[in-house]
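**Q** structure for this input, please:
(chains A, B, C, D, E and F)
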4 protein chains.
Amino acid sequence: MTSNRSTGRPRDETLDTAIMRAAIDLVDERGYAAVTIDAIAERAKTSKTAIYRRWPKKAAIVMEAFLVAAEPLITPPDNLPFRDTVIAQMTALAKFFQTTPGGRTITDLIAVAKTDAALADAIRENWLIPRRTVACAYFQAAQKAGELRDGIDTSALIDALYGPLYFRLLLGHDAIDRSFIEHIVDMAMMGIAPNQEKSS
Amino acid sequence: MTSNRSTGRPRDETLDTAIMRAAIDLVDERGYAAVTIDAIAERAKTSKTAIYRRWPKKAAIVMEAFLVAAEPLITPPDNLPFRDTVIAQMTALAKFFQTTPGGRTITDLIAVAKTDAALADAIRENWLIPRRTVACAYFQAAQKAGELRDGIDTSALIDALYGPLYFRLLLGHDAIDRSFIEHIVDMAMMGIAPNQEKSS
Amino acid sequence: MTSNRSTGRPRDETLDTAIMRAAIDLVDERGYAAVTIDAIAERAKTSKTAIYRRWPKKAAIVMEAFLVAAEPLITPPDNLPFRDTVIAQMTALAKFFQTTPGGRTITDLIAVAKTDAALADAIRENWLIPRRTVACAYFQAAQKAGELRDGIDTSALIDALYGPLYFRLLLGHDAIDRSFIEHIVDMAMMGIAPNQEKSS
Amino acid sequence: MTSNRSTGRPRDETLDTAIMRAAIDLVDERGYAAVTIDAIAERAKTSKTAIYRRWPKKAAIVMEAFLVAAEPLITPPDNLPFRDTVIAQMTALAKFFQTTPGGRTITDLIAVAKTDAALADAIRENWLIPRRTVACAYFQAAQKAGELRDGIDTSALIDALYGPLYFRLLLGHDAIDRSFIEHIVDMAMMGIAPNQEKSS
DNA sequence: CGTTAACCGAGACGGTACGTCCTGTCTTTTC
DNA sequence: GAAAAGACAGGACGTACCGTCTCGGTTAACG
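**A** Numbering: from 1, shown residues only, chains lettered A, B, ... in the order given. Predicted coordinates for the structure are as follows:
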């Protein structure tokens, strides 16, 4: 046990959420780099001390706030057809990224993670891997059910589907809309589907 | 011609390259965030003045240095078969990203671009779009030659191929090796190839 | 009471004096213009932040340091004869100017004050006027006691006595010694003394 | 002979005056410290090069400009009474200091001279000593003519008269007007005049 | 029911980098 | 060879944040 601290003034737990709320709002308003700890403290009507007592650095606050803001893991419903399930999942993710303060934050975090190994680990372990695990399970089930041809690397498949989405999100060179998602899925699908024949 | 300024001491053009060289080396050694303008000036044996006369901020120096380093990368598509050509291009890009100082820099630039609109524009216009244009032309030629089935959005195709690559590059959750590239290409290929037949 | 600020970490008051000490020593060693804020911070073993929190500019630091150094200089006029009192005061001032770090500083301050109205005000209000007020009171008492002839403008008298002293101090064209002070006083005295008669 | 340079483009002698004019005007407008060499060059519609070819530093330009602007040495007319002559000389000096750009500059020069020994020398040799020499001669003649009592140190007398004037000029604590000058002269006079008697 | 210990706010602390400004020198073309 | 234009190295400026610290003052559970 790390601490069974019993005496002393207990932490004000409303502060945790107030700080994360302030952090994620400010990041959404100004962009990650332009947000200072002082500004977060001011917005949350608290002090730097209270913040540093909870998190070691800005990235950690924003990371936790992002995870809280993120939708809980959704296991894909089994009843829909394969294509519809994949499109629904990708659409939900795109919507989260594009319409919520928390979602817009992930790109900043990914960006900063390039110079912050601890943050990179946190993103992978708390965001990426859980989602990949779910997706992987779904695809392997589909594979077993004969919906995917043999020889598909499910890990590469996940990247083939979600990679383009993150790519446009991070580079911003083109829209992430229904049409784009369908194109990506269909291009993958027809390669994934078994039983295809080709004339050379 | 941008300027026909004739009087006054001309700029020392060796300084331009010296500064960019220093910048990109330092970024490679210490990481983008840890590099200061003073350090660049010292490494390039010049002064901050000379640097600020040329570029408005660190990102601009590094961006130009990156572009110079990446210049020789554009290889005209050769006469190989479609699949080989695509794999060769992607492999070359992956190699640039992973083995050269300039290449390792792009992720930092993409990161910073999230809070620097001018840099984001610069990346799109000077790096991304030129490459996409070349790729687009290649794919459209292939389409005309009957190597792609109808209905393929070449823009989405580019993202389907390169998106996964950038995705792993930026998130670092898995390796970018020969096998991965082949998986991505093959998944795309088999959906792209015309004349396929499927039994549902 | 200047402030009843109660919260927050209190200022380290030893820093105030350490900074002023460093400032005035450096000015004495190198001359006002050659002293930098960084050098003061280094000498005082503190940071620029701490200095700028207290004073807005170099002149303000040095001004306050000068005043602190000059504080003990104000000696109440004693019971000596008029001429002796005046000579004693002028000698004390000359000695302060010529032999102490703080005293040598005043000329630099007067210099800078020519392009710094706030400093000029500070010098007048905190240095010049207090001393003139004391001197003025002394001369008016003497006037009442019949030691000065009527029609003497005490303000002009002060300038007549101290003006030559500052003049030589600032221009440095000649020595400020006992003999000079006596000459000045005697020239003034004989014009000031009422009812004087002289035999050639 | 220093140089009988015959070849090459001759110096543009109008530039000398243009630069000095610009320098002294700018000092008058903004104060010595706020004037930069670049600003002088711009105002004089010339370049820094041309300035540095002529003078080694800002102080030297301004010093020479001041001397040019200063009235030529005036030997006091013999025909006036002693008191009138002295008052006329002091009034002329006060007027120069207070109403002309050049005159307002001297205080800045004296100020800067405290940290510039070469300038201090220049001021003494080119401004102060010539004037003191003339005044000294005048007072010694007066002394011989019996207008001054014995034992007067003419050097101290000059300081007693002009010191208060420079003092008010430099400190700016009070006006330099006709009344002030008369007070100073009269206080000195009555001490200087031999054999004087006073009623009441 | 007082002690105790951690919390809270406010803000000072040492430190680092910033981007600007000025200095005095230099390098080039033009006159 | 001077003039003009402007680039050059160097160095101080004053500002902004960082992450740490020191205060006076809560706020509960423990004893």
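**Q** name the nearest residue to A:Leu80, ignoring sequence neighbours.
**A** Among residues not flanking A:Leu80 along the chain, A:Ala88 sits closest, at 6.9 Å (CB to CB, 6 or more residues apart in numbering or on different chains). Using the backbone N, CA and C atoms, a C-beta is placed for each residue, glycine as well.
**Q** how about A:Ala113?
**A** Using CB to CB, 6+ apart, the closest residue to A:Ala113 is A:Ala120 (3.9 Å).
**Q** and the one you found, what helix or strand is that in?
**A** Using DSSP states H and E, A:Ala120 maps to helix A:117-123.
**Q** which regions of chain A sit below the pLDDT cut-off?
**A** Residues of chain A meeting the criterion pLDDT under 70: A:1-6, A:191-200.
**Q** what ranges does it have for its helices?
**A** Counting by DSSP state H, chain A has these helices, from start to end: A:13-30, A:37-43, A:48-54, A:58-69, A:82-99, A:101-113, A:117-123, A:129-144, A:154-171, A:178-192.
**Q** so is the fourth one next to DNA strand E?
**A** Right, helix A:58-69. No: using CB under 7 Å from any atom of the strand, we find that helix A:58-69 stays clear of DNA strand E, coming within 13.8 Å at best.
**Q** C-alpha coordinates for that helix, PDB please?
**A** The C-alpha coordinates for helix A:58-69 follow below in PDB (Å, rounded to 0.1, in the frame of the first residue of the first chain):
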ATOM      1  CA  LYS A  58       1.000  19.700 -18.100                       C
ATOM      2  CA  ALA A  59       0.800  16.700 -20.400                       C
ATOM      3  CA  ALA A  60      -0.300  14.400 -17.500                       C
ATOM      4  CA  ILE A  61      -3.200  16.700 -16.700                       C
ATOM      5  CA  VAL A  62      -4.400  16.900 -20.200                       C
ATOM      6  CA  MET A  63      -3.900  13.200 -20.800                       C
ATOM      7  CA  GLU A  64      -6.100  12.300 -17.900                       C
ATOM      8  CA  ALA A  65      -8.600  14.900 -18.800                       C
ATOM      9  CA  PHE A  66      -8.700  13.500 -22.300                       C
ATOM     10  CA  LEU A  67      -9.300  10.000 -21.000                       C
ATOM     11  CA  VAL A  68     -12.100  11.100 -18.800                       C
ATOM     12  CA  ALA A  69     -13.700  13.000 -21.700                       C
END
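**Q** tell me the angle it makes with helix A:13-30.
**A** 100 degrees (axes from the mean of the first three to the mean of the last three CA atoms, to 10 degrees).
**Q** so what touches helix A:58-69?
**A** A:17, A:19-21, A:23-24, A:27, A:32, A:35, A:37, A:40, A:51, A:54-55, A:100-103, A:105-106, A:108-109, A:112-113, A:116, A:118-119, A:122-123, A:126-127 (CB atoms under 8 Å, 6 or more residues apart in numbering or on different chains).
**Q** list the buried ones in it?
**A** A:58-66, A:69 (16 or more other CB atoms under 10 Å in any protein chain shown).
**Q** A:Gly151 versus the residue nearest to the spatial centre of chain A, what's the distance?
**A** By CA atoms, centre = their mean, the mean C-alpha position of chain A lies nearest to A:Trp127, the distance being 5.1 Å. Distance of A:Trp127 to A:Gly151, given as CB to CB, to the nearest Å: 29 Å.
**Q** same check on A:Leu170?
**A** A:Leu170 is 30 Å from A:Gly151, by CB to CB.
**Q** A:Ile176 now?
**A** 29 Å.
**Q** of the two, which one has the most company?
**A** Between A:Ile176 and A:Gly151, A:Ile176 has the larger neighbour count (other CB atoms under 10 Å in any protein chain shown), namely 23 against 10.
**Q** pretty sure that one contacts A:Leu169?
**A** Yes: between A:Ile176 and A:Leu169 there is a contact under CB atoms under 8 Å: 6.5 Å.
**Q** overlap in contacts, the two.
**A** Joint contacts of A:Ile176 and A:Leu169 (CB under 8 Å, 6+ apart) are A:97-98.
**Q** quick one, domains of chain A?
**A** Chain A breaks down by the TED database into domains covering A:13-65, A:70-190.
**Q** distance to B:Lys45 added to the ones you listed, as TSV?
**A** Shown next, in TSV, are the domains of chain A (distance: least, CB to CB, whole Å):
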stretch	distance to B:Lys45
domain A:13-65	30
domain A:70-190	26
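**Q** burial measure for the residue in chain A that chain C sits nearest to, as a count.
**A** Nearest to chain C, among the residues of chain A, is A:Ser47, at 9.9 Å (CB to the nearest CB). By other CB under 10 Å, 14 other residues sit near A:Ser47.
**Q** what sits against the closest residue to it other than its chain neighbours?
**A** Leaving aside its chain neighbours, A:Ser47 sits nearest to A:Ala41 (5.5 Å; criterion: CB to CB, 6+ apart). Going by CB under 8 Å, 6+ apart, A:Ala41 touches A:19, A:47-48, A:50-51.
**Q** quick one: name the residues of chain A near DNA strand F.
**A** A:6-10, A:36-38, A:48-49, A:52, A:57-58.
**Q** what about A:Gly8, how many neighbours?
**A** With other CB under 10 Å as criterion, A:Gly8 counts 6.
**Q** repeat for A:Thr115
**A** For A:Thr115, the tally of surrounding residues (other CB under 10 Å) stands at 18.
**Q** any idea how far it is from B:Phe167?
**A** 19 Å.
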